[in-house]
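Q: the sequence isn't on hand, but the structure is:
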C-alpha cells in the first residue's frame, strides 16, 4: 500500500510510535534515506516514496556517555551509569544514529564495531508527552 | 560551469587583538570585546582612525542562550562608538567568527567598503556545565541529538571509527594533549597555560597541603591513563581530550590591499578563503573525515594557488583531541589514517616540520565559540609577523599560515590562508 504521509521528521516519528521504522527511497536513482527526505541528496530528485526498513544493521561507531543531555539524565544516566549510543549502517545502506541497548556501557572495550544489530523501540513518557526513541540491540 | 575562486580585489589584515581567554565572573561580552578592540587599535603600526571603519561583522554563536541576550552586533557597535554604521552578526556555531572574517573580506573585495572590523565573542561561563553542554548540543543535527548524543559523544563516535579503521589508540591521542599543553604554557592569553607535568605537580601539592593520599604517576601518560585524574566524558573522550568552557573575544582590522601600506609596512594578505557544509554523522561519506572541511580546503587552496605542502603551519579546530587528527588529514597535511603517526613522531610540534596549534589550540587556549575563528587567525598574525614571543616557530622564512575552523558536528567548516609578502 502506498503511504500518503508527507516525507517529514514528524511523520517519521509518528511511524516510530507505531513501531514502524520507515525510510524514503528516491524514485529516480534508488537511494534510500533514514530519517526520510523530501529531496534526494544524491540526484536532487523531488520524487521520493516511503519504504519500510528491515530494522537490521551493523554497529559502525559508538560512544558511552557519562554526562548526557537533560532527557537522558532524567532516565537515570550519569557518571556511574553511562549509556551507549552509536551509528548503525542499515542493511539497506544508509546510516542512522541511535541508542544501543543490551551492551555494557561501563565496559566500552567489550563493545565491538561490526556487531550485527536489530531495531528496538523505546517508549518513554505518558499521554501527550509520550515519545518513542529508536534503539538497536545485538541480534 | 567554469569554477572561479578569485576575489574582486585584494584584502589585507593590518591590525589584530584578542582578549585573555578564561572564565571571568567579573567580565561580560562587552568588556571582553573592548579588551580585544583596544589591543587591535594599538596594533595598527601607523594608526587607525575609528571613524574610517566602514562596517562591523561580528561572530557570535549563542549568547542568546548563554546570557539571554540576542542581537549583539549593534550592542558591540555601540560599545566601541561605531554607530550608526552597519553592524552584522554571523552565526555558524563554533565557526561564527571565521565567517565574520570571510564576510568582511568579501565586503571589501566587492569594492563596497574599504576598512572593515571583524570580530567575535562568547560568554559561556555564567552557565553550569550541564547548561553549556545543552547549549552547545543545539549546534548538532536533530537526528544526532535524539539518539542522546552530546558534542563529546559525537567526537567519541568519530574516534571509535578512526581507532577501528586505522589502529590508532587512546595512547596516541595523549600525544596531542601533551603537545597542546606544552604550547599553551608559552601563551600568556591561554586559559590553561600549564603543561601536563605542571598539572600533576599542582595535584600532588594540593594533596600534600590537604593531608589526603598523595597521588603518584610515573609520567604524563600514566596521569592521563588514570581515570581519577582524567575521568571519562564520552568514551573514548576523557576530560583531557576536551576543550574547556570559556569567555573571550577577538577582532581584526581588514582593509583593501591598495590601502594596506597606509596602516602598516607589514600587512598580511588574505590569499585563501573557503567554506563548506556537511550533514553530520548521517552524511554519506566516511566517519573519519568531514566533507565540509574538504570543501573549505579545496576552495581556499584553489583561490590561493597553494597546495597543502605550501602551508608552513596551521591552527586547526581541536575542540576534541580526535578532531585535530581529522582536521589535519582533511586539510591534506597527512594522508587519511597517517595523522596520528605524524603526531607520535613529533612532526606537529612547534619545532616539527608541520607545526599545528602553536597557540595551545582550543584545548588549552580556550574555546569561547564565537571568538575562536578569529582567535585562530590571531595566532597566524602573531607568528607571521614574528611577534609570537617564546612560541615563535623556529623558521626564519615563515610566510604562509592557515586556519581551519569547524562549526557543529561538521555542519560548517571554514579555511583561511594568510601570506606575508
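A: Okay, I see it. Keep in mind it's a predicted model, so treat the numbers as computed, not measured.
Q: residues contacting the residue nearest to residue A:23 when sequence neighbours are not counted?
A: Spatial nearest neighbour of residue A:23, chain neighbours left out: residue A:34 (3.7 Å); criterion: CB to CB, 6 or more residues apart in numbering or on different chains. Where C-beta positions appear, they are placed from N, C-alpha and C, glycine not excepted. With contacts defined as CB atoms under 8 Å, 6 or more residues apart in numbering or on different chains, residue A:34 is in contact with A:12, A:21-24, A:53, A:90, A:94, A:96.
Q: break chain A into its domains for me.
A: Domains of chain A are assigned by automatic domain parsing as A:9-52, A:56-138.
Q: mean pLDDT for those domains - can I get that in CSV?
A: Converted to CSV, the domains of chain A look like this (pLDDT from 0 to 100):
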stretch, mean pLDDT
domain A:9-52, 96
domain A:56-138, 96
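Q: just send these back as CSV, with distance to residue B:406 too.
A: Converted to CSV, the domains of chain A look like this (distance: least, CB to CB, whole Å):
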stretch, distance to residue B:406
domain A:9-52, 21
domain A:56-138, 18
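Q: please enumerate the helices of the stretch 251-400 of chain B.
A: B:260-263, B:291-304, B:321-330, B:339-344, B:361-365, B:369-384 (DSSP state H, counting those that start in this stretch).
Q: any part of the helix or strand of chain B with the lowest mean pLDDT near chain A?
A: Least confident helix or strand, chain B: helix B:129-137 with a mean of 88, by mean pLDDT, DSSP states H and E. Yes: with CB under 8 Å from any CB of the partner chain as the measure, helix B:129-137 is seen reaching chain A through B:129-130, B:133-134, B:137.
Q: what lies in contact with the helix or strand that that helix is followed by?
A: From helix B:129-137 onward toward the C-terminus, using DSSP states H and E, the following helix or strand is helix B:142-145. When contacts are defined by CB under 8 Å, 6+ apart, helix B:142-145 is touched by residues A:9, A:35, A:69, A:96-97, B:137, B:154, B:280-282, B:409.
Q: buried ones from those residues, can you make that a PyMOL selection?
A: Restricted to buried positions by 16 or more other CB atoms under 10 Å in any protein chain shown, the PyMOL selection for the contacts of helix B:142-145 reads:
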select buried, (chain A and resi 35+69+96+97) or (chain B and resi 137+154+280+281+282+409)
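Q: reformat the contacts of helix B:142-145 as a markdown table; add distance to residue B:174.
A: Output for these, formatted as a markdown table (distance: CB to CB, whole Å):
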| residue | distance to residue B:174 |
| --- | --- |
| A:9 | 40 |
| A:35 | 37 |
| A:69 | 28 |
| A:96 | 32 |
| A:97 | 28 |
| B:137 | 26 |
| B:154 | 21 |
| B:280 | 27 |
| B:281 | 25 |
| B:282 | 30 |
| B:409 | 24 |
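Q: wait, which of the contacts of helix B:142-145 is closest to residue B:213?
A: Closest approach to residue B:213 among these (CB to CB): residue A:69, at 34.8 Å.
Q: out of the residues of helix B:129-137 next to chain A, the closest to residue B:388 would be?
A: residue B:129 (31.9 Å).
Q: which residues of chain A lie near chain B?
A: Near chain B, when you scan chain A using CB under 8 Å from any CB, you find A:9, A:35, A:41-42, A:60-73, A:79, A:82-83, A:85-87, A:94-99, A:105, A:108, A:113, A:133-134.
Q: so which of the residues you listed sit within strands?
A: A:60-65, A:83, A:85-87, A:95-99, A:133-134 (DSSP state E).
Q: and those, which are buried?
A: Looks like those have A:60-65, A:83, A:85-87, A:95-99, A:133-134 buried, using 16+ other CB under 10 Å.
Q: among the contacts of helix B:142-145, which one lies nearest to residue B:320?
A: Closest to residue B:320, out of all of those and judged by CB to CB, is residue B:154, at 8.8 Å.
Q: which element is the closest one on?
A: Residue B:154 belongs to helix B:151-166, assigned by DSSP H and E.
Q: and for the helix ranked longest in chain A, what's in contact with it?
A: Secondary structure assigned by DSSP state H gives helix A:9-17 as the longest helix of chain A. Residues outside helix A:9-17 that contact it (CB under 8 Å, 6+ apart): A:5, A:21-22, A:34-36, A:121, A:123, A:130-134, B:142.
Q: next, the buried residues of it.
A: Under 16+ other CB under 10 Å, the buried positions of helix A:9-17 are A:11-12, A:15-16.
Q: how would you label residue 38: helix, strand or coil?
A: By default, I'm working from chain A. Counting by DSSP: H, G, I helix; E, B strand; the rest coil, the backbone at residue A:38 sits in coil.
Q: switch to chain B, that's the one I care about
A: Applying three-state DSSP: residue B:38 is helix.
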